[in-house]
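Visitor: fold the following and give me the result.
(one chain, ligands or ions: 1)
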Amino acid sequence: MNKRVLVTGGCGFIGSHTCVELAEAGYEPIIVDNLNNSERSVVDGISAIIGRPVKFIEADCCDPVAMEKVFSENDFSSIIHFAAYKSVNESSVKPLEYFKNNLGSLLNLLTLMREHNVPNIVFSSSCTVYGQADKLPVTEKTPRKEATTPYGLTKQMCEDILKNTAAAYPQLKTIALRYFNPIGAHPSALIGELPRGIPNNLLPYVTQTAAGIRECLSVFGDDYNTPDGSCIRDYIDVTDLAKAHVCAVNRMIEGKSKSGYEVFNVGTGNGVSTLEIVKTFEKVNNLKLNYKIAGRREGDIEAIWADPTYANEELGWKAVRPLEDTLKSAWQWQQNLARKK
Ligand code: UD1
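Guide: Below is the predicted model:
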């Protein structure tokens with residue numbers, strides 16, 4: 001059995017944690033990353049955790065020549081495709097860049113997979129494909145809503161590309177994992193999230209505020225139709241999320257896929273509000289966070305959380321790390337970063 005896995009975007013937040021989980025499950029990750037939004041030092045963090053070197057190739061997944069070389073010089077049976085642009089706001093300002101990069105990389109990989117007989121691919125999708133669902137929690141059968149940003153549209157389009165390509169080529173196996181909100185860091189605090197500039201996402205903003213890098217966290221809205229008025233999300237520990245990728249690769253390699261294109265929700269099943277995150281973060285880390293209630297952020301949905309039953313039963317995967325531990329790990333990682341600087 002070929003246990004080598006090409007991990008595009010393997011230096012990124014979810015990609016790096018997945019490389020660790022793959023290695024610990026007996027796989028050999030081969031990282032391809034163009035370091036557009038990540039750092040080379042992440043490879044050292046991964047190697048330190050797994051206790052052996054990990055192969056790293058600096059290349060852009062949209063570059064057909066560079067990627068042809070990657071495919072012809074390496075022998076792998078599966079791909080996990082993380083490499084993509086991920087800023088919701090930026091995607092509305094630079095839609096063409098988002099379409100070119102996020103669609104182009106997938107098309108390139110699928111073409112090369114056919115030429116080199118690589119059968120399996122796991123794709124990073126997002127709960128953003130559901131928009132504001134009419135009924136919560138969302139299952140994989142919940143209808144997708146029309147995308148409101150180019151970023152969300154690229155996720156939907158990539159899912160459709162996989163579905164239609166798999167329908168035409170029976171040897172191709174594809175799995176889209178719809179991530180909810182990944183947070184936290186590896187328990188070793190050797191890898192974690194590395195946002196550039198001012199963070200858009202909640203947790204990096206929280207940890208940077210706690211560290212004094214940001215003055216004050218704005219909680220976007222307390223007038224939503226939720227118990228405490230702030231938005232609700234399904235925050236999933238990044239190591240738990242990483243393990244779902246190992247289960248997805250196992251499933252394809254072991255021939256357990258039920259069809260060429262499968263979709264799984266990767267969430268905890270718990271809806272947690274922004275204010276609950278703030279309060280739990282303060283409590284478990286024994287600190288006070290400077291925060292204020294601000295107006296709603298445009299484009300935010302009120303509430304979403306997963307029904308992860310299908311992933312639990314079919315993938316044999318379940319989120320297990322308690323939110324408290326995850327929030328502690330996020331703070332440990334932030335403190336480690338401060339020490340390094
Ligand atoms: C969004 C996308 C998700 C994408 C992710 C990556 C949607 C529905 N979700 O997640 O698909 O993968 O970005 O960037 O489009 N918040 C604050 N103050 C802050 C930052 C955030 O109150 O400074 C609140 C937000 O209003 C939201 C929650 O925290 O309710 C989580 O926000 P964020 O971490 O940005 O993730 P999403 O917007 O849920």
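Visitor: how about the helix or strand hosting Asn250 and the ligand, touching?
Guide: Applying DSSP states H and E as the criterion places Asn250 in helix 238-253. No - remark: helix 238-253 sits outside contact range of the ligand, by Cβ under 6 Å from any ligand atom, the gap being at least 11.5 Å. From N, CA and C alone the C-beta is placed, and that goes for glycine too.
Visitor: whatever helix or strand comes next after that helix packs against which elements?
Guide: The helix or strand immediately downstream of helix 238-253 is strand 261-266, counting by DSSP H and E. Applying 3 or more Cβ pairs under 8 Å, 6 or more residues apart in numbering; DSSP states H and E, one finds that strand 261-266 contacts helix 150-168, strand 173-179, helix 238-253.
Visitor: okay if I get those as a markdown table plus mean neighbour count and mean pLDDT?
Guide: Shown next, in a markdown table, are the helices and strands packed on strand 261-266 (neighbours: other Cβ atoms under 10 Å; pLDDT from 0 to 100):
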| stretch | mean neighbour count | mean pLDDT |
| --- | --- | --- |
| helix 150-168 | 19 | 98 |
| strand 173-179 | 24 | 98 |
| helix 238-253 | 24 | 98 |
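Visitor: columns distance to Asn89 on top of these, output as TSV?
Guide: Listed next are the helices and strands packed on strand 261-266 as TSV, based on distance: least, Cβ to Cβ, whole Å:
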stretch	distance to Asn89
helix 150-168	9
strand 173-179	18
helix 238-253	22
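Visitor: picking that back up, send me the helix holding Asn250 as CSV with only the CA atoms.
Guide: This file holds the C-alpha atoms of helix 238-253, laid out as CSV (Å, rounded to 0.1, in the frame of the first residue of the first chain):
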residue,chain,number,x,y,z
VAL,A,238,-7.3,21.9,14.7
THR,A,239,-5.7,18.5,15.8
ASP,A,240,-9.2,16.9,15.8
LEU,A,241,-9.8,18.4,12.4
ALA,A,242,-6.4,17.2,11.1
LYS,A,243,-7.3,13.6,12.2
ALA,A,244,-10.4,13.7,10.0
HIS,A,245,-8.1,14.0,7.0
VAL,A,246,-6.3,10.8,8.0
CYS,A,247,-9.7,9.0,8.3
ALA,A,248,-10.6,10.3,4.8
VAL,A,249,-7.3,9.0,3.3
ASN,A,250,-7.8,5.7,5.0
ARG,A,251,-11.3,5.4,3.6
MET,A,252,-10.2,6.0,0.0
ILE,A,253,-7.1,3.8,0.3
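Visitor: now it: how far from the chain's centre is it?
Guide: Put simply, helix 238-253 sits 12 Å off its chain's centre (Cα atoms, centre = their mean, to the nearest Å).
Visitor: please apply the same query to stretch 7-27.
Guide: 11 Å.
Visitor: middle-most residue in this structure, spatially?
Guide: By Cα atoms, centre = their mean, the chain has its centre lying nearest to Ile14, at 4.8 Å.
Visitor: where does the chain have low pLDDT?
Guide: 341 (pLDDT under 70).
Visitor: which positions in it make contact with the ligand?
Guide: Counting by Cβ under 6 Å from any ligand atom, the chain sits next to the ligand at 86, 88, 126, 128, 152, 181, 200-202, 205, 217-220, 231, 233, 274, 297, 300-301.
Visitor: returning to that earlier point: other SSEs contacting the helix holding Asn250?
Guide: helix 13-24, strand 78-81, strand 120-126, strand 173-179, strand 181-183, strand 261-266.
Visitor: looking at the stretch 51-200 of the chain, which residue is nearest the ligand?
Guide: Per Cβ to the nearest ligand atom, Thr128 is where the stretch 51-200 of the chain lies closest to the ligand, at 3.2 Å.
Visitor: A helix includes that residue, no?
Guide: Yes - under DSSP: H, G, I helix; E, B strand; the rest coil, Thr128 falls within a helix.
Visitor: dump the residue contacts of it.
Guide: 88, 147, 149, 151-152, 155 (Cβ atoms under 8 Å, 6 or more residues apart in numbering).
Visitor: now swap in Leu172 and tell me
Guide: 110, 113-114, 119, 121, 165-166, 260.
Visitor: let's see 10 Å
Guide: 110, 113-114, 118-121, 162, 165-166, 252, 260-261 (Cβ atoms under 10 Å, 6 or more residues apart in numbering).
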